[in-house]
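> Have a look; sequence and predicted model below, questions after that.
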2 protein chains.
Amino acid sequence: MAHDYAGRLSRAGEATGRSELAGLIVTPSADLIYLTGYDPPPLERLTTLIVRPGREPVLVVPELERPRAAASSAGELVEIEAWRDGDDPYQTVAGLLDPNGEYGATDSMWASHLLGLQGSMAGARFVPGSRVLSKLRCRKDSGEIQLLSRASRSADETFRQVIREGLEGKTEAQIADALATRLVKTGHDAALFWIVGSGPNGASPHHDPGEREIRHGESVVMDFGGRMKGYCSDMTRTVAVGEPSEELKEVHEIVREAHEAAFQAVRPGVPAEEVDRAARSIIDDAGYGLAFIHRTGHGIGLEEHEAPYLVGGNGELLQTGMCFSIEPGIYLEGRFGVRIEDIVTVTETGGRRFNTTPHEMATVR
Amino acid sequence: MAHDYAGRLSRAGEATGRSELAGLIVTPSADLIYLTGYDPPPLERLTTLIVRPGREPVLVVPELERPRAAASSAGELVEIEAWRDGDDPYQTVAGLLDPNGEYGATDSMWASHLLGLQGSMAGARFVPGSRVLSKLRCRKDSGEIQLLSRASRSADETFRQVIREGLEGKTEAQIADALATRLVKTGHDAALFWIVGSGPNGASPHHDPGEREIRHGESVVMDFGGRMKGYCSDMTRTVAVGEPSEELKEVHEIVREAHEAAFQAVRPGVPAEEVDRAARSIIDDAGYGLAFIHRTGHGIGLEEHEAPYLVGGNGELLQTGMCFSIEPGIYLEGRFGVRIEDIVTVTETGGRRFNTTPHEMATVR
């Protein structure tokens, strides 16, 4: 898929000006991929795109990577300037910028690079680049929505295949392997994470799957995702291995209702925190408020976690094209956990789910 | 392999004091793995280990990751303090620190986190954490040297197997796949990179392997590596597909001599830049100085690139236990490139190579 990099670069320059910043300093990251398609690894040698309002962008690269950068999609879009091992790349960047300006720096830029820039530009100020770029990146165009939707369908199919094969008697690590393998077989370029929390381990939202064997009568939280043509999937379901207990059924039903309430709250113009509040109030009212120990969701796109964050205190208004997870959960330490997660996009009339797996708790072998 | 995390934490605290820093702020990275074995992904939610001279270390984590952190190797080593989604984690960290101190921050810490810390501690100053930690991490203990040596042997075996199967008629991408697959089959946990530059593409040191078919009479630069039990491999050889031209033989021989000169320069007490100079002077004298467009090498360990860097201007003295690449190269734009890379460790009597693949240019099918 050919993304409109030239348009994105131009809009980034305009948005930088509107934010009253003198420029953006974009190091290897989803920001750089979004703006140019160029995807070198973030390393100790500085590679950075300079975006300034009303001026042509410049890509500063280590000399040995000049040929690779020139051959990449960035080569036709931007001027390339190289520095050599032993030179000070921060001086090279400073030479392109107003020494007293305020700049947005890629959120995941290495601290060593930011400190280098701060040292070379003592009069400059720096803010997180997401202040400008997340406003652009968070509203997906139709091509991006198609890619996110396809990635979610592959995650749905992964889940279907893995639960069909049964969980009982297998280890968490074996199920994690099966999820990762199936994500790739059903269309992902790479699996990125595979949380499998069985029984009491389900109460650890980011549990590392281990050698624990899954037993009859337990619940299992599976939270997994990957990247397909640059865009991410992320879904969670909690299943019962054999007949669930009354308590598990009850807790699962509360989470299901919280998820539905959050989903129903999604529409343009609603503050992100309202979606969190919708889920949280259901769980609070059921008496499990202290057991819902994380935000309701996060944006998704080129990164697994990006803006907008559905969290108390975030008054950012939802807009059409935003895509994010809805993933309330209840975690009962030493006993079990439940989480249900879909990826949702904002349309003019409300939310639309990319995942199609039912929310009712599946009972599996 | 059980690493001595408690000893490393204690030495890090002492080294912090000797560097006249008030503390280290260590986010998810090789630094955190080195000090605690804990390896969460670096994300927008702040996870950070606080190391202060003469005080117990504290690990600050997001509430939802508290169970995972407690279950990890860090759980027994350090106190854990959690913050909740919606709270300000930078205030949590600031509460543990002297607001006017000077701190080392993990080099790869996200800029958004560093800016958050700078905002919460306006009187504090920050420097790259490598100023303290690279002094510890760069000298490998016997267990680490064993792991690095094993990873290099697996890379050697990978190279042997791939060239035995022949290159002619295959694409760069196919050879890259073969390298990545063989790295894992011969013992790596993951392949990390696989540069294959055929013919003129060899002149791009970090070339992305593509669909170009390798032809008789060309040279091919293969630079690849991965991670085995946490420790990295990285090797490069340049091979001739069919009988090499006189010019290729001559350039390869110059690079081979430069490599050997650099290797012979390795011993305790020699400045890192001397090793670079030894390689560079051979290439300069042969008239190819401008075509050697990168430093001679980089340290290796938990990361592919770490201290010490063998580069002009780095007067750091070599010490026993340091491990690094030696990888001079000559790049002739539009024609071909040559690079030879081994991983070497510093012993009391000089350098010792982990790689055993001969330096003479192999002629392959």
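Thanks, I have the structure now. Residues are numbered from 1 along each chain as shown, chains lettered A, B, ... in the order given.

> Buried residues in the strand or helix carrying residue A:14, which are they?
Element membership for residue A:14, per DSSP states H and E: helix A:5-18. For helix A:5-18, a neighbour-count test (16 or more other C-beta atoms under 10 Å in any protein chain shown) marks A:5, A:8, A:9, A:12, A:13, A:15, A:16 as buried. From N, CA and C alone the C-beta is placed, and that goes for glycine too.

> can you redo these as TSV with distance to residue A:276?
Compiled in TSV, those are given as follows (distance: C-beta to C-beta, whole Å):
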residue	distance to residue A:276
A:5	34
A:8	29
A:9	33
A:12	29
A:13	33
A:15	26
A:16	30
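
> now, which of the residues you listed sits nearest chain B?
residue A:16 (16.4 Å; C-beta to the nearest C-beta).

> and that closest one, what does it touch?
By C-beta atoms under 8 Å, 6 or more residues apart in numbering or on different chains, the residues touching residue A:16 are A:22, A:23, A:24, A:51, A:52, A:53, A:104, A:132.

> burial count for the residue lying closest to the second one once chain neighbours are set aside?
Put plainly, it is residue A:23. Excluding the flanking residues, the one nearest residue A:23 by C-beta to C-beta, 6 or more residues apart in numbering or on different chains is residue A:52, at 4.3 Å. Number of residues near residue A:52 (other C-beta atoms under 10 Å in any protein chain shown) recorded here: 20.

> Next: residue A:120.
The local packing of residue A:120 (other C-beta under 10 Å) involves 18 other residues.

> list the contacts for it?
Going by C-beta under 8 Å, 6+ apart, residue A:120 touches A:88, A:90, A:91, A:93, A:94.

> Thought residue A:235 was touching residue A:152, still the case?
Yes. Here residue A:152 lies in contact with residue A:235, judged by C-beta atoms under 8 Å, at a distance of 6.8 Å.

> neighbour-wise, which of those two wins?
residue A:152 (28 against 23).

> give the contact list for that one.
Contact analysis of residue A:152 by C-beta under 8 Å, 6+ apart lists A:233, A:235, A:342, A:343, A:354, A:355.

> Now, these that are in strands?
A:235, A:342, A:343 (DSSP state E).

> Okay, the last one and chain B: tell me how far apart.
For residue A:343, the distance to chain B equals 18 Å [C-beta to the nearest C-beta, to the nearest Å].

> Could you find the closest non-adjacent residue to that residue?
Here the residue nearest residue A:343, using C-beta to C-beta, 6+ apart, is residue A:354, at 4.5 Å.

> Check whether that neighbour really touches residue A:149, as I assumed.
Yes. Between residue A:354 and residue A:149 there is a contact at 4.7 Å, judged by C-beta under 8 Å.

> Which one's more surrounded, the two?
Between residue A:354 and residue A:149, residue A:354 has the larger neighbour count (other C-beta under 10 Å), namely 22 against 19.

> got a list of what that one touches?
Shown in contact with residue A:354 (C-beta under 8 Å, 6+ apart): A:148, A:149, A:151, A:152, A:153, A:323, A:342, A:343, A:344, A:345.

> And for residue A:321?
Residue A:321 makes contact with A:138, A:139, A:140, A:141, A:145, A:345, A:346, according to C-beta under 8 Å, 6+ apart.

> Select only the buried ones of those in ChimeraX?
Applying 16+ other C-beta under 10 Å to the contacts of residue A:321 leaves a buried subset, and the ChimeraX line that selects it is:
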select /A:138,139,140,145,345,346
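
> show me where the stretch 101-250 of chain A has strands.
Using DSSP state E, counting those that start in this stretch, the strands of the stretch 101-250 of chain A run over A:102-105, A:125-128, A:190-198, A:219-228, A:231-232, A:235-241.

> Kindly report the domain assignment for chain A.
Per automatic domain parsing, the domain ranges recorded for chain A read A:5-137, A:142-364.

> Mutual contacts of residue A:152 and residue A:235, please.
Shared contacts of residue A:152 and residue A:235 (C-beta under 8 Å, 6+ apart): A:342, A:343, A:355.

> Could you pull up the residues touching residue A:220?
Per C-beta under 8 Å, 6+ apart, neighbours of residue A:220: A:167, A:172, A:175, A:196, A:197, A:198, A:199, A:202, A:214, A:238, A:239, A:241.
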